[in-house]
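Colleague: Turn this into a model:
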Amino acid sequence: MDLSSLLAMKFELMITVIIFILLFIKIDGRMSNSSVLRITYLLLFLNLGFGFAGNITSTIFNGMFHSTPLLALEKNILSLATLIIALSSYEWLRNHRHLPEFFMLMLSSLLGMFFMMSSGNLLMFYLGLELSTIPLAALCNFDLDKKVSSEAAMKMILSSAFSSAILLFGISLIFGATGSFDFKDIAAELTGTPLQVMGFVFIFSGFAFKLSVVPFHLWTADVYEGSPIAVTAFLSVVSKAAMAFVFMTTLYGAFNGLFLTWYYLLAITSVASMITGNLFALRQTNLKRFLAFSSIAQVGYILIAITGALNTQTSVASVVYFILIYSFSNLAAFGVISVISSLTGKETINDYKGLYASNPTLALVLAVALFSLAGIPPTAGFFGKLFLLTAGASMFNWPLIIIASLNLVISLYYYLRIVRVMFIDESDEPLLKLSFSVNEQVAFVICVAGVLTVGFLKGVFEFIFSLTTGL
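Modeller: Coordinates of the predicted model:
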């Protein structure tokens with residue numbers, strides 16, 4: 001294996017090295033949790049820095065694995081999100097008796113996502129998908145003393161097994177219809193026969209399960225509520241982002257010949273996801289369930305951008321840009337919830353009454369995150385939603401854009417409801433003044449800075465757009 005091959009797989013190799021270091025630390029067993037966390041944070045920072053150097057365009061393993069600067073950026077976004085999750089969950093992680101195992105499982109899942117994103121072949125994609133999914137089921141059960149966590153893990157593994165079976169059946173049909181697993185060969189052989197369309201619909205359904213697209217979303221809220229907050233954040237941001245990246249490139253690459261089929265599927269499911277996510281979010285009292293339905297609605301907006309296939313570069317750049325902003329916004333919200341939950345055990349919306357009076361920093365961070373998720377200017381979330389709808393409008397599907405705009409108005413109510421609870425409502429039992437670590441403060445600074453600055457930095461979207469050349 002030459003230097004170019006090593007550079008092409010640098011993300012995967014670095015994550016593998018970190019996993020082995022943590023394995024040796026666990027076997028040794030003499031290091032305290034605080035020391036393990038310091039070493040892990042250092043390794044994750046190094047991994048993130050290493051990800052921005054030496055990015056090349058390369059194809060190895062006979063086309064099964066490929067690397068481009070755009071893929072490197074997408075992987076860096078996931079690496080940054082993983083680092084933020086680790087920092088903002090410091091209090092919970094510091095007191096967990098299986099700390100090294102948590103990071104080994106999380107990084108194993110991330111490794112699978114990286115392989116999945118770089119795959120140029122359906123078999124490589126499926127192997128990466130399974131590597132990313134199985135550790136996630138174990139992570140859902142990491143609140144070992146809570147039955148609800150075991151229930152979340154059971155629902156996660158059953159729904160994942162079901163969706164993987166559907167996806168694998170679709171892959172077998174596509175192989176039977178085209179004679180190849182390679183994305184380029186599949187694209188060349190697609191003619192729109194009934195067998196090819198059926199195979200694609202099964203593959204689409206498998207993706208929809210992983211993305212929590214309506215009507216394949218029923219597992220989402222229960223798994224989010226039962227899992228530890230760090231795992232919920234990883235599911236909501238890192239897992240969803242990886243699947244969105246792969247879904248987009250698979251549609252534009254392997255299945256572009258079935259454009260009319262997947263265009264109508266995306267249009268219908270995006271409307272269903274936006275409406276269902278927003279209406280159910282209105283009724284939630286638990287913050288993790290609330291963010292679960294919020295994420296379902298956000299996926300609906302992403303699907304609108306993917307429908308804009310007349311301008312592939314704009315659609316891809318808009319989705320990557322939005323996911324970057326969504327990562328900052330959602331992780332800021334989960335970071336606040338994680339701090340409060342680990343110190344007080346409270347996770348319902350009513351528990352946050354009067355939060356600004358006792359914990360103004362936490363209230364302000366959460367408010368900024370909610371404003372961005374709602375798409376309120378001048379936060380970056382406004383620009384992210386604007387670019388998504390602009391990309392979708394390239395197909396002149398104005399009814400879809402109008403429905404999305406109405407759903408954005410609905411979402412304002414439930415996001416601002418939490419802001420009202422924190423800043424206006426009073427509580428008979430307000431939360432006490434909470435102190436949180438420097439690591440959590442760093443996570444908040446990164447997220448808030450991202451939410452407040454990315455939208456105004458013109459070069460960010462232009463840089464992402466420049467990486468889409470040749471799509």
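
Colleague: thinking Tyr414 is in contact with Phe290, fair?
Modeller: Yes. Tyr414 is within contact range of Phe290, at 7.4 Å (criterion: CB atoms under 8 Å). In this view, the C-beta of every residue, glycine as well, is placed from N, C-alpha and C.

Colleague: mind listing what's buried in the helix or strand containing Gln196?
Modeller: Element membership for Gln196, per DSSP states H and E: helix 194-211. Within helix 194-211, the residues that count as buried by 16 or more other CB atoms under 10 Å are 196, 199-211.

Colleague: ok, back up a step: compare Tyr414 and Phe290 and say which is more crowded by neighbours.
Modeller: Between Tyr414 and Phe290, Phe290 has the larger neighbour count (other CB atoms under 10 Å), namely 27 against 22.

Colleague: do you know how far the more buried one is from Asn278?
Modeller: With distances taken as CB to CB, to the nearest Å, Phe290 is found 11 Å from Asn278.

Colleague: joint contacts of these two?
Modeller: With contacts defined as CB atoms under 8 Å, 6 or more residues apart in numbering, the residues shared by Phe290 and Asn278 are Tyr414.

Colleague: Which elements pack onto the following helix or strand past the helix holding Gln196?
Modeller: Using DSSP H and E, the helix or strand that directly follows helix 194-211 along the chain is helix 220-226. Judged by 3 or more CB pairs under 8 Å, 6 or more residues apart in numbering; DSSP states H and E, the packing partners of helix 220-226 are helix 147-178, helix 287-306.

Colleague: if you compare those helices, which one is most tucked away?
Modeller: For the helices and strands packed on helix 220-226, the largest average neighbour count (mean count of other CB atoms under 10 Å) is found in helix 287-306, namely a mean of 26.

Colleague: Wasn't Pro430 part of a strand?
Modeller: No. Read with DSSP: H, G, I helix; E, B strand; the rest coil, Pro430 is coil and lies in no strand.

Colleague: Val131 touches Leu110, doesn't it?
Modeller: Not quite, residue 131 is Leu, not Val. No. When contacts are counted by CB under 8 Å, Leu131 is not listed as touching Leu110 (9.6 Å).

Colleague: Please say which of those two ends up with more neighbours.
Modeller: Legend: neighbour count by other CB under 10 Å for Leu131 and Leu110, higher for Leu110 (27 against 18).

Colleague: Looking at the helices and strands packed on helix 220-226, which is nearest to His66?
Modeller: When the helices and strands packed on helix 220-226 are compared by CB to CB, helix 147-178 sits nearest His66, at 18.7 Å.

Colleague: helix or strand right after the closest one?
Modeller: helix 183-189.

Colleague: what's in contact with that next one?
Modeller: Residues outside helix 183-189 that contact it (CB under 8 Å, 6+ apart): 63, 120-122, 174, 177-180, 250, 253-257.

Colleague: Need the worst-confidence member of those.
Modeller: Sorting these by pLDDT puts Gly63 at the bottom of the list (79).

Colleague: Please report phi then psi for that one.
Modeller: The phi/psi pair for Gly63 (degrees, to the nearest 10) reads phi 90, psi 0.

Colleague: Against Leu258, how distant is it?
Modeller: For Gly63, the distance to Leu258 - CB to CB - is 21 Å.

Colleague: Those two: which is more packed in?
Modeller: Using other CB under 10 Å, the more surrounded residue of Gly63 and Leu258 is Leu258, with 21 against 15.

Colleague: Model confidence score at the closest residue in space to that one that isn't next to it in sequence, please.
Modeller: Nearest non-adjacent residue to Leu258, counting by CB to CB, 6 or more residues apart in numbering: Phe200, 5.4 Å away. As predicted, Phe200 sits at a pLDDT of 92.

Colleague: check contacts around Phe200.
Modeller: When contacts are counted by CB under 8 Å, 6+ apart, Phe200 touches Gly170, Ile174, Phe255, Leu258, Thr261, Trp262.

Colleague: now those residues in JSON lines, with distance to Ile302?
Modeller: Formatted as JSON lines, the contacts of Phe200 follow (distance: CB to CB, whole Å):
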{"residue": "Gly170", "distance to Ile302": "21"}
{"residue": "Ile174", "distance to Ile302": "24"}
{"residue": "Phe255", "distance to Ile302": "17"}
{"residue": "Leu258", "distance to Ile302": "20"}
{"residue": "Thr261", "distance to Ile302": "19"}
{"residue": "Trp262", "distance to Ile302": "14"}
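
Colleague: Is Ile446 inside a helix or a strand, and which specific one?
Modeller: helix 438-453.

Colleague: outside of whichever helix or strand comes after that helix, which residues touch it?
Modeller: Per DSSP H and E, the first helix or strand lying C-terminal to helix 438-453 is helix 458-467. Under the contact criterion CB under 8 Å, 6+ apart, helix 458-467 has outside partners 68-70, 73, 313-314, 317, 320-321, 324, 383, 387, 454.
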